[in-house]
Every structure is written in structure tokens, then in C-alpha cells.
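Colleague: quick one: sequence and predicted model below, then my questions.
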Amino acid sequence: MNALQSMIAVIGRIATSIICKIDAPELDRVPRSGPVILAVNHINTLDVPMLVAQLYPRKLIGLAKIETWDDAVIGWLFTVFEAIPIRRGEVDLEAIHRCLATLAQAKILAVAPEGTRSYDGKLSQGQQGIVLLGLRSGAPILPVVHWGGETFSRNIRHLKRTAIHIRVGKPFILDPQGEKIVGRIRQEMTDEIMRQMATLMPEAYRGIYSDCERPELKYLRFL
């Protein structure tokens with residue numbers, strides 16, 4: 001990180017430690033350098049500053065909807081941390097190219113396969129973008145999940161700290177097994193990734209991936 005990024009990350013770490021009680025010993029499993037794709041769940045606006053602060057001094061580059069830059073202050077912060085704007089609901093080739101360039105530079109890229117906030121912390125249907133990035137880059141994918149942040153807004157109004165738990169899974173790469181990569185196969189790969197995330201979470205947060213106790217591993221090869 002450069003000096004400005006480091007200063008903001010340190011302030012963020014102090015701030016999030018004051019307003020939250022963060023249980024995150026497993027973040028030590030995140031490599032200090034890439035290339036690696038972090039498959040993360042997305043609950044609310046607390047996610048990004050929390051993960052950036054907790055991973056410091058490791059640098060995290062993530063995706064954000066392009067509308068984020070409509071807010072001058074938040075847009076500036078995301079620019080400082082080199083976030084990649086993405087146009088949702090379409091194939092954003094520029095964002096894909098920037099993600100692949102990030103991984104080619106051996107950096108850590110955070111991707112939320114759900115593509116949007118859940119607000120309640122429960123997993124929803126994963127989107128196929130993470131599979132495209134994993135296959136084209138060859139980078140390992142590392143599941144990183146968290147829960148508890150869904151109570152943040154209510155807790156902060158009552159001056160109560162929010163307990164947040166972060167868990168990290170095992171890294172893997174995608175192996176298409178020689179099959180033609182069509183939409184159905186990409187979705188199966190996506191669902192396998194999501195089930196790996198779900199296995200790290202309490203049952204109440206697994207959402208549509210509650211059938212993850214014995215997850216399908218056809219297309220995942222663990223490292």
C-alpha cells in the first residue's frame with residue numbers, strides 16, 4: 001500500500017475495531033501476495049472497509065457497482081483503493097480486463113459472486129462472473145465469508161458493538177474436466193464455489209445453499 005492507502009486503512013482498522021467486535025484469526029490464511037481471487041459474501045456497506053482494514057497491510061482490490069462513484073466521498077475512497085467499477089446487468093468487458101490485469105500483476109482480487117448485497121446475511125444465487133475470472137486467469141480461489149454484520153445498522157443506533165465472524169476456507173482452482181464451457185457448466189461451477197462458502201457459515205446463513213453438507217466437487221481442485 002502507498003502512504004495514503006496505509007493511513008486510511010489504519011484509521012479504518014481502529015474505527016471498525018471500536019464499533020465492531022471482529023473474530024477474524026483465520027484471515028492469516030489469506031496469502032500476502034497473489035494472484036488469488038477471494039470469493040466473499042456481500043451483506044452491506046460495512047463489508048469493504050472491514051475487510052480492507054482487517055487485511056492491512058495486505059492490499060485488497062475489489063469490484064464495486066459504478067453507481068458507487070455517484071457519491072463524491074465514497075467514490076474518492078474507492079478510487080484511492082483502486083476499486084474496479086462494474087456495470088451490473090451486462091457483460092462489462094472493461095471491468096473483466098481490469099480484473100484479469102490485477103491478477104496478472106499477482107495481486108489479491110475480491111469478488112462477491114452474489115453480485116449484490118443480501119442485507120440479511122443469507123446467501124443468494126451466485127453469478128457466473130467469478131468462474132470467468134477463475135478460468136481465464138488460472139488464479140486460485142479462496143472462500144472468505146463473514147456474518148453478523150447484518151445487525152450493524154440496528155446496533156449502531158443503540159450504541160452497541162456488532163459481533164462479526166470471519167472464516168476462511170481452502171484454496172482451489174477450477175478444472176473443467178475437458179468439458180465445453182457452456183452456461184450450464186459455468187453455473188454448476190459457480191454453485192460449487194458458493195457451496196464451499198456455505199460450508200464455512202452457520203446453517204442460518206446458508207440461504208439457497210443449505211444443501212452444502214456434502215458439496216459437489218466435480219469442478220474444484222483443491223491446492
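Modeller: Sure thing, it's come through. Residues are numbered from 1 along each chain as shown.
Colleague: mind listing what the residue sitting nearest the centre point of the chain touches?
Modeller: Per CA atoms, centre = their mean, the C-alpha nearest to the average position across the chain is that of Val40, at 2.6 Å. Applying CB atoms under 8 Å, 6 or more residues apart in numbering to Val40 gives the contacts 47, 51, 110-112, 144-146. Bear in mind the C-beta positions are built from the backbone N, C-alpha and C, glycine included.
Colleague: all helices of the chain, in order?
Modeller: Assigned by DSSP state H, the chain shows helices spanning 3-19, 47-55, 72-80, 93-104, 129-137, 152-157, 183-199.
Colleague: save these as CSV, and put in distance to Leu217, mean neighbour count and mean pLDDT too.
Modeller: Below are those laid out as CSV (distance: least, CB to CB, whole Å; neighbours: other CB atoms under 10 Å; pLDDT from 0 to 100):
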stretch, distance to Leu217, mean neighbour count, mean pLDDT
helix 3-19, 34, 14, 94
helix 47-55, 26, 22, 90
helix 72-80, 35, 13, 92
helix 93-104, 23, 16, 96
helix 129-137, 15, 21, 96
helix 152-157, 34, 14, 94
helix 183-199, 7, 20, 96
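Colleague: tabulate those in JSON lines, adding columns for distance to Phe172.
Modeller: JSON lines is the format used below for those (distance: least, CB to CB, whole Å):
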{"stretch": "helix 3-19", "distance to Phe172": "28"}
{"stretch": "helix 47-55", "distance to Phe172": "20"}
{"stretch": "helix 72-80", "distance to Phe172": "29"}
{"stretch": "helix 93-104", "distance to Phe172": "15"}
{"stretch": "helix 129-137", "distance to Phe172": "9"}
{"stretch": "helix 152-157", "distance to Phe172": "30"}
{"stretch": "helix 183-199", "distance to Phe172": "7"}
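Colleague: confidence score at the residue in the chain sticking out farthest from the centre?
Modeller: Most distant residue from the mean C-alpha position of the chain: His158, 28.3 Å away (CA atoms, centre = their mean). Looking at His158, its pLDDT reads 94.
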